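Novice: Starting from these lines, generate the structure:
(chains A, B, C and D)
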There are 4 protein chains.
Amino acid sequence: MGELQRRLAEFAAARDWGPFHTPKNLAAALSVEAAELLEIFQWLTPEQSAAVMSDPDGAHRVTDEVADVLAYLLQFCTVLGIDPLAALDAKIDRNETRFPTPGTVSDPR
Amino acid sequence: MGELQRRLAEFAAARDWGPFHTPKNLAAALSVEAAELLEIFQWLTPEQSAAVMSDPDGAHRVTDEVADVLAYLLQFCTVLGIDPLAALDAKIDRNETRFPTPGTVSDPR
Amino acid sequence: MGELQRRLAEFAAARDWGPFHTPKNLAAALSVEAAELLEIFQWLTPEQSAAVMSDPDGAHRVTDEVADVLAYLLQFCTVLGIDPLAALDAKIDRNETRFPTPGTVSDPR
Amino acid sequence: MGELQRRLAEFAAARDWGPFHTPKNLAAALSVEAAELLEIFQWLTPEQSAAVMSDPDGAHRVTDEVADVLAYLLQFCTVLGIDPLAALDAKIDRNETRFPTPGTVSDPR
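Specialist: Residues are numbered from 1 along each chain as shown, chains lettered A, B, ... in the order given. Predicted coordinates:
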């Protein structure tokens, strides 16, 4: 993932896109790409949505939008110095305390 | 990242959230979390947005939303069998052809 | 609707919110509010989503988010001098040509 | 606005789109269209965003996306029996209490 962040940073630098890549603009672009992914599913039933990868064109579109979402998420994190994997790891730890499973003796911390 | 995908899958399975995690619902949730990240920036100037991590409360909120976006992106990919890093790597390759830099002899493929 | 646009403009002016209400910021806020409306539905089945107004709390949340979406849409239109009703009327005209119904003799234009 | 809601309902009925127009799907479509509006502004400076209507192509794109957002908002409201103007009127009333202006004697209710 670090390697992809490096490739994305070089790609943007080579095209002088740095001034456009404020955190605000990258957050907007991330949100727009996430909506484009959702657009593929908006009229599908739950069952159709589960079968989206069985059609080559659908699979290509979905994979392409996943790449765009990840690209803007990583560029956002690079610009602000956030480690997304560490952020998620810490969040899962917190959620395990917030949403205990039925059989769990709740953590007294 | 594979380890995070495994933790997220176990977390959802332990809470019987599987039936809710259709690709359509996860795409909607991803889009909602991306909008929550954008919400932090919506009234900020570009300059204020660049300084968001210097405030501890702002830094915590941003990092937390990044974790939520990544969590739904990874769960979406797990459910559909997509490798997000490979998807992005292939996309950067394609974009290098689509957006040549000024000094590049354009690739004849 | 003009009356609501006037109330919204006075409300913002009385609080000195004008400098924040650039078209870009209002478009971001509109998108964030639309995502908050979607959030109410993200884990619901189609059937549950159709029954959302039968629960008073659900009905209140949905109505409140509809108001927020409309508020930002109208403020966006006020700032840019767009008449949203005329815009939609013209769009439906265009769509009637783009998506003819089965029994329609297609318009040769 | 009631006339536009009627035209939209007839348009959808003539194309048998009713089964797709669950509140959940319409909320997703509304969110996607709001993101398409935001997309026009995502790389613009605040100043450029304020001048978007001076370019005929930009003006057309913005007006077209406004129409799409309003179309899905109205269809969502029709399906759930919500009056969007009444919803917004009530919301402004509530906000006048929540966000009093500096010179206002705060309402004791």
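
Novice: A:P102: which element?
Specialist: Element membership for A:P102, per DSSP states H and E: none, as it lies in no helix or strand.

Novice: what kind of secondary structure is A:L4 in?
Specialist: helix (DSSP: H, G, I helix; E, B strand; the rest coil).

Novice: A:L73 is in contact with that one, correct?
Specialist: No: look at A:L4 against A:L73 with C-beta atoms under 8 Å: they stay out of range, at 10.6 Å. Backbone N, C-alpha and C define where each C-beta goes, glycine included.

Novice: Which one's more surrounded, those two?
Specialist: A:L73 (26 against 20; other C-beta atoms under 10 Å in any protein chain shown).

Novice: And the helix or strand encompassing that one, what does it pack against?
Specialist: Assigned by DSSP H and E, A:L73 belongs to helix A:56-80. Helix A:56-80 sits against helix A:2-14, helix A:23-41, helix A:84-98, helix B:23-41, helix B:56-80, helix B:84-98, with contacts defined as 3 or more C-beta pairs under 8 Å, 6 or more residues apart in numbering or on different chains; DSSP states H and E.

Novice: can you put the ones you listed in CSV and add mean pLDDT?
Specialist: Output for the helices and strands packed on helix A:56-80, formatted as CSV (pLDDT from 0 to 100):
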stretch, mean pLDDT
helix A:2-14, 96
helix A:23-41, 98
helix A:84-98, 96
helix B:23-41, 98
helix B:56-80, 98
helix B:84-98, 96
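
Novice: circling back: next one: the helix holding A:L73 to chain centre, how far?
Specialist: 7 Å (C-alpha atoms, centre = their mean, to the nearest Å).

Novice: again with stretch A:29-49
Specialist: 13 Å.

Novice: Go through it and flag the buried ones.
Specialist: Residues of stretch A:29-49 classed as buried by neighbour count (16 or more other C-beta atoms under 10 Å in any protein chain shown): A:29-45, A:49.

Novice: what do you get for stretch A:10-28?
Specialist: Quick answer for stretch A:10-28 (16+ other C-beta under 10 Å): A:F11, A:A12, A:F20, A:H21, A:T22, A:P23, A:K24, A:N25, A:L26, A:A27, A:A28.

Novice: what's the farthest-apart pair in those?
Specialist: Greatest spatial distance among the buried residues of stretch A:10-28 (C-beta to C-beta): A:F11 and A:K24, at 20.3 Å.

Novice: Nearest spatial neighbour of A:A27, chain-adjacent residues omitted?
Specialist: Take A:A27 and drop its neighbours on the chain: the residue closest to it by C-beta to C-beta, 6 or more residues apart in numbering or on different chains is B:L38, 4.6 Å away.

Novice: Apologies, that question was intended for A:T22.
Specialist: B:P46 (4.5 Å).

Novice: show me the contacts for the one you found.
Specialist: Shown in contact with B:P46 (C-beta atoms under 8 Å, 6 or more residues apart in numbering or on different chains): A:T22, A:K24, A:N25, D:T45, D:P46.

Novice: Could you do A:N95 as well?
Specialist: Counted by C-beta under 8 Å, 6+ apart, A:N95 has contacts B:F11.

Novice: which residues are there in chain A that come within reach of chain D?
Specialist: Residues of chain A found near chain D (C-beta under 8 Å from any C-beta of the partner chain) are A:20, A:25, A:28-29, A:31-32, A:34-36, A:38-39, A:41-43.

Novice: Now whichever residue of chain A sits closest to chain D: closest residue in space that isn't a chain neighbour?
Specialist: Of all residues in chain A, A:A35 sits closest to chain D, at 3.3 Å by C-beta to the nearest C-beta. In space, and not counting its chain neighbours, A:A35 is closest to D:A35: 3.3 Å by C-beta to C-beta, 6+ apart.

Novice: Am I right that that neighbour is in contact with A:L37?
Specialist: No: the criterion here is C-beta under 8 Å, and D:A35 misses it with A:L37 at 10.4 Å.

Novice: joint contacts of those two?
Specialist: The contact lists of D:A35 and A:L37 share B:S31, where a contact means C-beta under 8 Å, 6+ apart.

Novice: For stretch A:35-52, list the C-alpha coordinates in PDB.
Specialist: The C-alpha trace of stretch A:35-52 is given here as PDB (Å, rounded to 0.1, in the frame of the first residue of the first chain):
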ATOM      1  CA  ALA A  35     -21.300   7.700  -5.100                       C
ATOM      2  CA  GLU A  36     -20.200   6.500  -8.600                       C
ATOM      3  CA  LEU A  37     -19.700   3.000  -7.000                       C
ATOM      4  CA  LEU A  38     -23.200   3.200  -5.400                       C
ATOM      5  CA  GLU A  39     -24.700   4.300  -8.800                       C
ATOM      6  CA  ILE A  40     -23.900   0.800 -10.200                       C
ATOM      7  CA  PHE A  41     -26.200  -0.700  -7.500                       C
ATOM      8  CA  GLN A  42     -28.900   1.900  -7.100                       C
ATOM      9  CA  TRP A  43     -31.700   0.100  -9.000                       C
ATOM     10  CA  LEU A  44     -30.600  -3.500  -8.300                       C
ATOM     11  CA  THR A  45     -32.400  -5.800  -5.900                       C
ATOM     12  CA  PRO A  46     -30.200  -7.300  -3.100                       C
ATOM     13  CA  GLU A  47     -30.000 -10.500  -5.100                       C
ATOM     14  CA  GLN A  48     -28.900  -8.700  -8.300                       C
ATOM     15  CA  SER A  49     -26.300  -6.800  -6.300                       C
ATOM     16  CA  ALA A  50     -24.800 -10.000  -5.000                       C
ATOM     17  CA  ALA A  51     -24.400 -11.300  -8.600                       C
ATOM     18  CA  VAL A  52     -22.800  -8.100 -10.000                       C
END
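
Novice: how far is it from where the chain is centred?
Specialist: Counting by C-alpha atoms, centre = their mean, stretch A:35-52 comes out at 17 Å from the chain centroid.

Novice: Please apply the same query to stretch A:47-67.
Specialist: 16 Å.

Novice: now swap in stretch A:67-85 and tell me
Specialist: On C-alpha atoms, centre = their mean, the centre of stretch A:67-85 falls 8 Å from the chain's centre.

Novice: hmm, who's touching that stretch?
Specialist: A:1, A:4-5, A:8-9, A:12, A:21-23, A:26-27, A:29-30, A:33-34, A:36-37, B:1, B:4, B:30, B:34, B:37, B:50, B:52-53, B:62-63, B:66-67, B:69-70, B:73, B:84-85, B:87-88, B:90-92.

Novice: Which of the residues in it are classified as buried?
Specialist: For stretch A:67-85, by 16+ other C-beta under 10 Å, it's A:67-80, A:82, A:84.

Novice: Just the CA atoms of it, as CSV, please.
Specialist: Extracted in CSV, the C-alpha atoms of stretch A:67-85 (Å, rounded to 0.1, in the frame of the first residue of the first chain):
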residue,chain,number,x,y,z
ALA,A,67,-9.7,1.6,-7.5
ASP,A,68,-10.9,5.3,-7.7
VAL,A,69,-12.2,5.2,-4.2
LEU,A,70,-9.0,3.7,-2.8
ALA,A,71,-6.9,6.2,-4.9
TYR,A,72,-8.5,9.2,-3.3
LEU,A,73,-8.5,7.7,0.1
LEU,A,74,-4.8,7.0,-0.1
GLN,A,75,-4.0,10.5,-1.5
PHE,A,76,-6.1,12.1,1.2
CYS,A,77,-4.1,10.1,3.8
THR,A,78,-0.8,10.9,2.2
VAL,A,79,-1.5,14.7,2.3
LEU,A,80,-2.6,14.6,5.9
GLY,A,81,0.0,12.1,7.2
ILE,A,82,-2.6,9.5,8.3
ASP,A,83,-1.9,5.8,8.3
PRO,A,84,-5.2,4.3,7.2
LEU,A,85,-4.3,0.7,8.3
